[in-house]
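K.L.:
have a look at this prediction, sequence included:
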Amino acid sequence: MANVTKTEIEFYSPRQGEFRWRIKGLGRILAYSSAFHSEAELKEAFEVVKSELAKQGQIETAEISQEISDISSTAKQTLELTRRLALLAEDKAFLRPEFVESSPGIRTFGKRVGQILDDLLKSKGCKGVEICIMGYFDQANVDRLKEILARGGMVRIISPAGQLERGGDRRNLDALRRMEKNGADVRIHPMLHARIFYVSTDEQPLGVIVGSGDLKADCMGGTRFDAGLYSNHPEMMRMAADFFRRVWEDDGIKTLTEIVRQRSS
């Protein structure tokens, strides 16, 4: 229940998946909202609330907007939780980890990575998309990642130092330089051994792969034996994102420019 001067806005759910506004004031019901089941309908309901309260002349429109904004945040979280619970009820495998591998006969690791990137590119825009990559890297996915960057997405890569500091691994270096040139944030860490591919949209986790596979042609094309787990479980994704952040902020990390300068010296 939220109080707005002499007017009360009541947000309630008469049945699962359905939400309504009820506006009360001066001892009577001022207005009902229509039932809504999506964020678009929710926004429409907010407009009804603002309009009706403004008509009553109880308070200034700016104050109404602040109250509605505060309630909006909670309401959207409720809608998202309801959506996730509905999906879970319909599909028991919704949060089940998926084993992925790269081998001569099975290439589910590369297919899963490709599917995630292709689904992002099918959307109208990539603003709000964040992709975090840990591991060695080559040209295999550069074009798709460049397109995601061009559409407003964010890509961050941490690659092991390996041969980079000693003048080797030219393919990895060339691919990383191409990514940095197109807007990706690239870092190098001499202690890195983890392999992670993490994707979120609008700060909502989409999926993560943790395993031995790099985003390289040999790992994705079945010419090596690699394995990992794909998951969209919120807790696993939170922990993976936190691990990536800690490595990214570690004192031992270097920029690609520092590595190139070191190779040249």
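P.N.:
Everything's here; your move. Residues are numbered from 1 along each chain as shown.
K.L.:
counting neighbours, what do you get for Ile209?
P.N.:
For Ile209, the neighbour count with other CB atoms under 10 Å is 22. Yep, even glycine has a C-beta here, placed from its N, CA and C like the rest.
K.L.:
what pLDDT does the closest residue to Ser200 other than its chain neighbours get?
P.N.:
In space, and not counting its chain neighbours, Ser200 is closest to Glu130: 5.0 Å by CB to CB, 6 or more residues apart in numbering. pLDDT recorded at Glu130 is 95.
K.L.:
which SS class is Glu130?
P.N.:
Secondary structure for Glu130, judged by DSSP: H, G, I helix; E, B strand; the rest coil, is strand.
K.L.:
partners of it in the sheet?
P.N.:
Note on Glu130: beta-bridge partners by DSSP bridges are Met154, Ser200.
K.L.:
that one: what's it in contact with?
P.N.:
By CB atoms under 8 Å, 6 or more residues apart in numbering, Glu130 lies in contact with 153-156, 199-201, 203.
K.L.:
any idea which of those is least confident?
P.N.:
Least confident entry in the contacts of Glu130, by pLDDT: Glu203, with 75.
K.L.:
for Ser200, see how far away the residue lying closest to that residue once chain neighbours are set aside is.
P.N.:
Once flanking residues are discounted, Glu203 sits nearest to Gly128: 7.4 Å by CB to CB, 6+ apart. According to CB to CB, to the nearest Å, Gly128 and Ser200 sit 8 Å apart.
K.L.:
neighbour count winner among those two?
P.N.:
Set side by side, Gly128 and Ser200 show more neighbours around Ser200, with 18 against 14, by other CB under 10 Å.
K.L.:
how much space separates the more buried one from Ile116?
P.N.:
In this view, Ser200 and Ile116 are 11 Å apart by CB to CB.
K.L.:
same question for Asp218.
P.N.:
Separation of Asp218 from Ile116 (CB to CB) stands at 20 Å.
K.L.:
between the two, which one's more packed in?
P.N.:
Taking other CB under 10 Å, Asp218 and Ile116 do not tie; Ile116 has more neighbours (19 against 15).
K.L.:
in the helix or strand hosting that one, which residues are buried?
P.N.:
Here Ile116 sits within helix 108-122, counting by DSSP states H and E. Within helix 108-122, the residues scored as buried using 16 or more other CB atoms under 10 Å are 108-110, 112-113, 116-117, 120.
K.L.:
surely the residue nearest to Glu203 and Val199 touch.
P.N.:
No. Counting by CB atoms under 8 Å, Gly128 does not reach Val199; the two are 11.2 Å apart.
K.L.:
overlap of the contact sets of the two?
P.N.:
Both Gly128 and Val199 lack any common contact, where contact means CB under 8 Å, 6+ apart.
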